[in-house]
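Undergrad: can't give you the sequence, but here's the structure:
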Ligand code: V07
């Protein structure tokens with residue numbers, strides 16, 4: 001069990017907004033001659049662990065990349081399994097998340113998912129909407145270029161219908177149209193799985209974030225690995241502060 005007081009005593013810096021690209025699930029499973037889906041299932045269990053750890057540590061925003069707009073190109077069988085996982089996760093976890101005061105939020109275009117999934121997610125959003133604890137952003141059918149494009153189109157439309165004046169378009173107004181609304185930027189981005197790319201994930205929100213790439217595959221990620229990343233983040237901040 002993770003002791004929040006221990007962490008505070010050790011002077012570890014806690015990011016306000018942590019983002020994670022949950023990569024390496026398929027490769028993790030292939031190591032054991034199992035199907036990629038087996039890796040996705042194991043990866044889902046780490047979502048549960050890391051949400052709990054983040055909430056205990058006092059992280060305010062946690063953004064997880066679960067399914068990109070590009071992921072539709074994967075084999076149908078894998079896509080179907082990932083869609084099933086949405087239901088499995090919510091059926092098993094939503095009550096627990098709610099009891100822990102977690103507020104769910106989705107980044108990406110919800111209405112392009114299958115109807116069952118949309119319904120389940122909408123119920124979960126409604127259930128947790130007044131919660132005041134950790135804000136859990138799940139990026140589903142999400143791509144950052146798409147997010148930026150939608151924000152621009154929305155503003156053009158708002159000008160066109162007379163809802164806003166074109167001169168009232170400020171940087172702030174633009175950022176507020178993004179799927180993260182008025183949430184703060186990401187402080188720390190962690191990418192397990194060995195790749196060293198952003199892969200179209202929260203490009204605007206990561207403008208100033210510290211980035212940690214680790215070879216650990218997502219199903220092997222743990223509370224302990226998270227603390228190690230926070231230690232590295234703390235060291236980087238200290239160096240920066242010393243200049
Ligand atoms: C997915 C597990 C994590 C590793 C990456 C791919 C597989 C949780 C969700 C989820 C959570 C809340 C919610 C909707 C979905 C999820 C997908 C894949 C598509 F409201 N894990 N997880 N969704 N994986």
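TA: Thanks, I have the structure now. Everything numeric in this text was worked out from a predicted model, so none of it was measured.
Undergrad: mind checking the backbone torsions on residue 22?
TA: The phi and psi values for residue 22, taken as degrees, to the nearest 10, are phi -80, psi 80.
Undergrad: Hmm, it is touching residue 63, no?
TA: No: contact criterion Cβ atoms under 8 Å: residue 22 and residue 63 do not qualify, at 10.7 Å. Using the backbone N, CA and C atoms, a C-beta is placed for each residue, glycine as well.
Undergrad: Quickly find the element holding the closest residue to the ligand within the chain.
TA: In the chain, the residue that lies nearest the ligand is residue 43 (3.0 Å; Cβ to the nearest ligand atom). Assigned by DSSP states H and E, residue 43 belongs to helix 36-57.
Undergrad: now do residue 118
TA: Counting by DSSP H and E, residue 118 is part of helix 115-128.
Undergrad: Now do that helix: distance to the chain's middle.
TA: Offset of helix 115-128 from its chain centre (Cα atoms, centre = their mean, to the nearest Å): 17 Å.
Undergrad: Who are the packing partners of that helix?
TA: helix 76-99, strand 103-107 (3 or more Cβ pairs under 8 Å, 6 or more residues apart in numbering; DSSP states H and E).
Undergrad: buried stuff in it?
TA: Buried residues in helix 115-128, counting neighbours by 16 or more other Cβ atoms under 10 Å, are found at 117, 120-121, 124, 127-128.
Undergrad: can that helix be found next to the ligand?
TA: Yes: counting by Cβ under 6 Å from any ligand atom, contacts between helix 115-128 and the ligand involve 121, 124.
Undergrad: Next, work out how far apart the closest residue to residue 151 other than its chain neighbours and residue 149 are.
TA: Once flanking residues are discounted, residue 151 sits nearest to residue 177: 3.6 Å by Cβ to Cβ, 6 or more residues apart in numbering. Separation of residue 177 from residue 149 (Cβ to Cβ, to the nearest Å) stands at 11 Å.
Undergrad: Show me which residues of this structure sit near the ligand.
TA: Counting by Cβ under 6 Å from any ligand atom, the residues of the chain near the ligand are 22, 25, 40, 43-44, 47, 66-67, 82, 85-86, 89-90, 104, 121, 124, 138, 140, 218.
Undergrad: Check the secondary structure at the residue located most distally from the centre of the chain for me.
TA: Here the chain reaches farthest from its C-alpha mean at residue 162, the gap being 34.0 Å by Cα atoms, centre = their mean. Secondary structure, DSSP: H, G, I helix; E, B strand; the rest coil: residue 162 is coil.
Undergrad: What of residue 65?
TA: Classified using three-state DSSP, residue 65 is strand.
Undergrad: That one: what's it in contact with?
TA: 19-22, 139, 142, 199, 201 (Cβ atoms under 8 Å, 6 or more residues apart in numbering).
Undergrad: what sits opposite residue 64 in the beta ladder?
TA: residue 20, residue 138 (DSSP bridges).
Undergrad: what about residue 72, how many neighbours?
TA: 12 (other Cβ atoms under 10 Å).
Undergrad: Cool, thanks, signing off.
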